[in-house]
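Asks: One predicted model, sequence on top.
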Amino acid sequence: MEPIVKIEQLTKKFGNTTALKDVSFEVYPGEVVGFIGPNGAGKSTTIRIMLGLLKRSGGLVEVFGKDSWQEALLIHQAVAYVPGDLALWENLTGGQTIDLLMKLHGKGNQAKKAELVQKFQLDLSKKVKSYSKGNRQKVGLIAALAVDCELYILDEPTSGLDPLMERVFQDEVARLKAEQKAVLLSSHILSEVERLADRVVIIQGGRVVESGTLAQLRHLTRSTVQLALKENISVLKTAAFVHDWTPTGVNQATFSIDQSALNELLQELSHYQVQKLEILPPTLEELFMRHYQTGEWG
């Protein structure tokens, strides 16, 4: 299967400042790729280069097999984009704005628009200048999701939305995936990325520091173990594979363990009467924050 997005050794310089260095990743049909990193990491710069809004300094950037800079107009015909810094026409109503955006794209579906307006509970009669940040974001999402595209690029798409509207958005992304559409999702809400993404690309300081499925990335950090024994549990406290030991009750404790030591733990527990054992894999947020704070990227 050919990728919809192909980025190889992408570099972008602004004067003497290198914003992106050797960024490489791909996006395939029918998958959601989470694109995450701290502010200033290079996420939006990468997206703008993909869309032909910025010219790269080096490397390869192709969307649908077309050069992102030289064939940007053709690429835009098959891409729906929600920017993180959404700017709208203040004196138009929400309905007028959505209709204009759909007309500019050319592939809008009025029936789908009506369905999305109802789901997102947006009053189309109000002028954009009266909208809250969340309602402005709904305008961008409805306009993007109501067009039929092969690639959806969503940069902080749920900024300002309440949890109920976030759930509506997540259902729509699941629909796109089921229809074999490709989605590049850039978000600071790591739980959202974890719930939706098939693969994750983590960028920091302008370079990709890790990428892969969540299962592949979880080797980067430790699982949390919740354990209760019938015997004295403190004998395990000094085991070489135990980290961050915290007693939680009589013969109960919580600790962390490297993925590679799980078999060693299970072998050790065969000598005891286990009353409770839960091994919780790290969340994406734990993975991201631990390695961002310690700088332990690969």
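Replies: Yep, it's here. Numbering: from 1, shown residues only.

Asks: in the chain, which residue is closest to the centre?
Replies: residue 34 (2.9 Å; Cα atoms, centre = their mean).

Asks: Sheet partners, orientation included, of the host helix or strand of that one?
Replies: According to DSSP states H and E, residue 34 maps onto strand 32-36. With DSSP bridges as the test, strand 32-36 is paired with strand 182-186 (parallel), strand 199-204 (parallel).

Asks: got those strands as a markdown table, with mean neighbour count columns?
Replies: Bear in mind the C-beta positions are built from the backbone N, C-alpha and C, glycine included. Below are the strands paired with strand 32-36 laid out as a markdown table (neighbours: other Cβ atoms under 10 Å):
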| stretch | mean neighbour count |
| --- | --- |
| strand 182-186 | 25 |
| strand 199-204 | 22 |
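
Asks: And those strands, which one averages the lowest pLDDT?
Replies: Mean pLDDT is lowest for strand 199-204 among the strands paired with strand 32-36, at a mean of 91.

Asks: Give me the distance from the next helix or strand after that strand to the chain's centre.
Replies: Sequence order places strand 207-212 as the next helix or strand after strand 199-204, per DSSP H and E. The chain centroid and the centroid of strand 207-212 are separated by 13 Å under Cα atoms, centre = their mean, to the nearest Å.

Asks: Please apply the same query to stretch 25-37.
Replies: 8 Å.

Asks: burial count for residue 12?
Replies: 23 (other Cβ atoms under 10 Å).

Asks: Oh, that last question was meant for residue 86, not what I typed.
Replies: The burial count for residue 86: 18, using other Cβ under 10 Å.

Asks: Secondary structure of it: a helix, I assume?
Replies: No: counting by DSSP: H, G, I helix; E, B strand; the rest coil, residue 86 falls outside a helix, being coil.

Asks: Just give the nearest non-adjacent residue to it, would you?
Replies: Counting by Cβ to Cβ, 6 or more residues apart in numbering, residue 140 is the residue found nearest to residue 86 once chain neighbours are left out, at 4.7 Å.

Asks: So what's the residue count around the one you found?
Replies: Neighbour tally, residue 140, other Cβ under 10 Å: 24.

Asks: re the thing from before, dump the residue contacts of the residue nearest to the centre of the chain.
Replies: Contact partners of residue 34, counting by Cβ atoms under 8 Å, 6 or more residues apart in numbering, are 185, 186, 187, 193, 194, 196, 197, 199, 200, 201, 284.
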